[in-house]
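Enquirer: Generate coordinates for the sequence data below:
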Amino acid sequence: QLQLVESGGGPVQPGGSLRLACTASGVNVESYAMAWFRQAPGKDREAVSCIASTDGRTYYADSVKDRFTISRDNAKRTVYLEMNSLKPEDTAIYYCNIVFPSSTYWGKGIQVTVSS
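Expert: Numbers count the residues shown, from 1 in each chain. Below you'll find the model as predicted:
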């Protein structure tokens, strides 16, 4: 059974860092693009970053460019999101997503709270 489990979230002070991880089970992730989305209270879910399956090309939202880094370890079936220089506006529930040819699948999400 396919499952995506996020970890590494929690509270952090502005300027701090967190590393999110998303581990998949029930699927061989190396064949698929994977992504991170986030949803802040009262806002729509937005794409944060994604990484291709084959050549490792990456995409970042302008709001996180140069602060966040996405990477993947296919052997561990895990995608990471390294988040540095965190700002209060980064506060959100972060969701892992795997992109299949005709569908996507979501993790349950993990809370990140940036506050002093």
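Enquirer: tell me the centre residue of the chain?
Expert: With distances taken as CA atoms, centre = their mean, the chain has W36 as the residue nearest its mean C-alpha position (2.9 Å).
Enquirer: Look up which helix or strand that one falls in, please.
Expert: Following DSSP states H and E, one finds W36 within strand 33-39.
Enquirer: Identify the residues contacting that strand?
Expert: Contact with strand 33-39 is made by 20, 22, 45-53, 70, 72, 79, 81, 90, 92-99, 109, 112, as judged by CB atoms under 8 Å, 6 or more residues apart in numbering. (Glycine included, C-beta is placed from N, CA and C.)
Enquirer: So which of those belong to strands?
Expert: Among the contacts of strand 33-39, the residues falling in strands (DSSP state E) are 20, 22, 46-51, 70, 72, 79, 81, 92-99, 112.
Enquirer: on that earlier part again, can I have the buried ones of the contacts of strand 33-39 as a PyMOL selection?
Expert: The buried subset of these, as determined by 16 or more other CB atoms under 10 Å, is captured in PyMOL by this line:
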select buried, resi 20+22+48+49+50+51+53+70+72+79+81+90+92+93+94+95+96+97+98+109+112
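Enquirer: Name the nearest residue to the residue nearest to the centre of the chain, sequence neighbours excluded.
Expert: Closest residue to W36 apart from its sequence neighbours, by CB to CB, 6 or more residues apart in numbering: V48 at 4.5 Å.
Enquirer: Let's see the pLDDT reported for the residue nearest to the centre of the chain.
Expert: At W36, the pLDDT value in this model is 98.
Enquirer: now do V29
Expert: 88.
Enquirer: Buried residues of the worst-scoring helix or strand of the chain on mean pLDDT, list them for me.
Expert: One helix or strand of the chain scores below all others by mean pLDDT, DSSP states H and E: strand 104-106, with a mean of 94. Under the neighbour-count criterion of 16+ other CB under 10 Å, strand 104-106 has Y105 buried.
Enquirer: Give me the sheet partners of it and which way each runs.
Expert: According to DSSP bridges, strand 104-106 forms sheet pairs with strand 92-99 (antiparallel).
Enquirer: Now do the strand it pairs with against strand 46-51, angle only.
Expert: Following axes from the mean of the first three to the mean of the last three CA atoms, to 10 degrees, one obtains 50 degrees for the angle between strand 92-99 and strand 46-51.
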